[in-house]
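> Below are the sequence and a predicted model; questions follow.
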Amino acid sequence: MIELRNVTKSYPNGVHALNRISLSIEDGEFIYIIGPTGSGKSTIIKILNGEEVPDSGTVVVDGINVGALKHRKVPYYRRNIGCIFQDYRLLPKLTVQENIAFALEVLGISKKKIRKRVTEILDLVDLKEKARAYPDELSGGQQQRVTIGRAIANKPKLLIADEPTGNLDPEKSKEIMELLEKINAMGTTVLMVTHDIVLVEKFKKRTVTLDQGFVVKDSKKGGYVSL
């Protein structure tokens, strides 16, 4: 599903965000990316969603060489990727069902198919009773569930979750993790960046640790990686 081979990325300010990163993620896997601030977690996300291009190395997602994509083709590539962020990024003047539907409307999908898919998603994220509510009428946990619903509206093969529980209390964080597990069980590959070690230890998955742009530990390989 995802293959990073000797990926390096530096920025004009001199920061070496990634240093010869190599990482293989299988189709349908659920993986945590952890590490201190500045370790390269955000850069990996930006490269995977086509926002940044590596300086060297290869990034392949579902058979597509992401770094070699022409700029005009990036939006089409992103249709197979769902992204969840810590700050929700919902459209405040649209209802829950309208926020979810919007992700499909921009793809030109028929209204009939959109209605059917939105109904399926509202059921999956347990927000049927909030379908006509606006974001400011929801709790943080409910807003994040809407964000997740919108991210998976087009049935992406990869779901990237960037600190999805960062603004939530432990109980709501647990609910979001259980929802992500349910989505993963349906066949979607999930890559989650997090600082929440309590969640990582409670919901055990493959865990990759970054530090100063290097992969220093991968639980799949059973210990620390020699640099």
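Nice, I can see it.

> use CA for all of it now, contacts and neighbours both
Fine.

> tell me which element the residue nearest to the spatial centre of the chain falls in.
The chain has I160 as the residue nearest its centroid, 1.0 Å off, counting by CA atoms, centre = their mean. Assigned by DSSP states H and E, I160 belongs to strand 158-162.

> ditto for L210
Going by DSSP H and E, L210 is in strand 206-211.

> same check, this time on Q86
Q86 belongs to no helix or strand when elements are defined using DSSP H and E.

> which stretches of this protein have low pLDDT?
Counting by pLDDT under 70, the chain contains low-confidence ranges at 222-227.

> Show me the longest helix that occurs in it.
helix 170-185 (DSSP state H).

> for this structure, what spans make up the strands?
2-10, 16-25, 30-34, 56-61, 64-65, 81-84, 158-162, 189-193, 206-211, 214-218, 223-224 (DSSP state E).

> possible to save those as CSV with distance to K73?
Listed next are those as CSV, based on distance: least, CA to CA, whole Å:
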stretch, distance to K73
strand 2-10, 18
strand 16-25, 23
strand 30-34, 27
strand 56-61, 14
strand 64-65, 11
strand 81-84, 14
strand 158-162, 17
strand 189-193, 22
strand 206-211, 30
strand 214-218, 29
strand 223-224, 37
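
> nearest to R115, of those strands?
Ranking the strands of the chain by proximity to R115 (CA to CA) places strand 81-84 first, at 19.4 Å.

> Give the burial count for Y134, as a bare number.
Neighbourhood size, Y134 [other CA atoms under 10 Å]: 19.

> Show me which residues of the strand holding L210 are buried.
R206, T207, V208, T209, L210, D211 (16 or more other CA atoms under 10 Å).
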